[in-house]
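Undergrad: Turn this into a model:
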Amino acid sequence: MKREMRRSSLAAAFCALLASWNAGCNAPRMRAPSYRVVRILDGDTIEVLMDRRPVRVRLQGVDCPERGQAFGTAARRFTSELCFGKQVSLRSYGSDRYGRILADVVLPDGRILNHELVRAGLAWWYREYAAGDTTLEALEQEARAARRGLWADSRPLPPWEYRRERRSQAGR
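TA: Coordinates of the predicted model:
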C-alpha cells in the first residue's frame, strides 16, 4: 500500500513537472527530459526510470489487445521493439486513476509510439479517452482500410469489451 502511494505521489509530482515544462516548450533550446524504458507491461503500458525509480506510463488515446487476446502478444512485442532500453520523452496528459502517467511516448527518432501502434493495426483509437484526436482517428481508418494487424479479422474484439466479458464471467 505504501509503495503504491509513493509511486502515485511520484507520478503526480512528475505530471506537474511535465505540465510546467510542456507549457514552456516553445522557449529556445529547451529539450524534453528523456527517460530509459525499463519494462514493457503490455502494448500500451511501459515503465520508465525517473530518479532511478520505475514509473508506469499508459499510452494516451490508444488501447491495445490484452494478453490472451488476438494480437495482444504482437502489440507487446511491437512496443518492445520500438522502445525497450531506449531513451524516450513524454508528452503528459496527467495521470489515470491507477496513478500511471498518461502520455504520448516520443521515440528517439521523433515518432510517437501511440501513433505507430494504431498505424500498424495493433491498437484501437480509444475514443472514450481521446475523442477529439483526429490523428489517431485517421491512423485507425488507414489501418482498417489496409486490413493491417487486428483489422485483418472480420470482427476484432475491442479490449474494453474483452475486459468487460472477463469481469462478468469472473462474477458468476
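
Undergrad: does residue 54 really touch residue 45, like I thought?
TA: No - in this structure, residue 54 is not within contact of residue 45 by C-beta atoms under 8 Å, at 11.9 Å. Every C-beta, even on glycine, is put in place using the N, C-alpha and C of the backbone.

Undergrad: Which one's more surrounded, these two?
TA: residue 45 (17 against 13; other C-beta atoms under 10 Å).

Undergrad: which residues touch the more buried one?
TA: By C-beta atoms under 8 Å, 6 or more residues apart in numbering, residue 45 lies in contact with 56, 57, 58, 59, 100.

Undergrad: Now tabulate those residues in a markdown table and tack on neighbour count, secondary structure and distance to residue 37.
TA: Converted to a markdown table, the contacts of residue 45 look like this (neighbours: other C-beta atoms under 10 Å; DSSP: H, G, I helix; E, B strand; the rest coil; distance: C-beta to C-beta, whole Å):
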| residue | neighbour count | secondary structure | distance to residue 37 |
| --- | --- | --- | --- |
| 56 | 18 | strand | 11 |
| 57 | 27 | strand | 9 |
| 58 | 22 | strand | 14 |
| 59 | 26 | strand | 12 |
| 100 | 20 | coil | 14 |
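
Undergrad: Nearest the middle, which residue of the chain would you pick?
TA: residue 59 (1.6 Å; C-alpha atoms, centre = their mean).

Undergrad: for the protein, what helix or strand is lowest in average pLDDT?
TA: helix 2-23 (a mean of 49; mean pLDDT, DSSP states H and E).

Undergrad: quick one, what contacts the closest residue to residue 137 other than its chain neighbours?
TA: Excluding the flanking residues, the one nearest residue 137 by C-beta to C-beta, 6 or more residues apart in numbering is residue 125, at 5.6 Å. Counting by C-beta under 8 Å, 6+ apart, residue 125 makes contact with 61, 62, 118, 133, 136, 137, 139, 140.

Undergrad: Around the fourth one, how many other residues sit close by?
TA: In other words, residue 133. Residue 133: 21 neighbours (other C-beta under 10 Å).

Undergrad: Quick check: phi and psi on it?
TA: The phi/psi pair for residue 133 (degrees, to the nearest 10) reads phi -80, psi 90.
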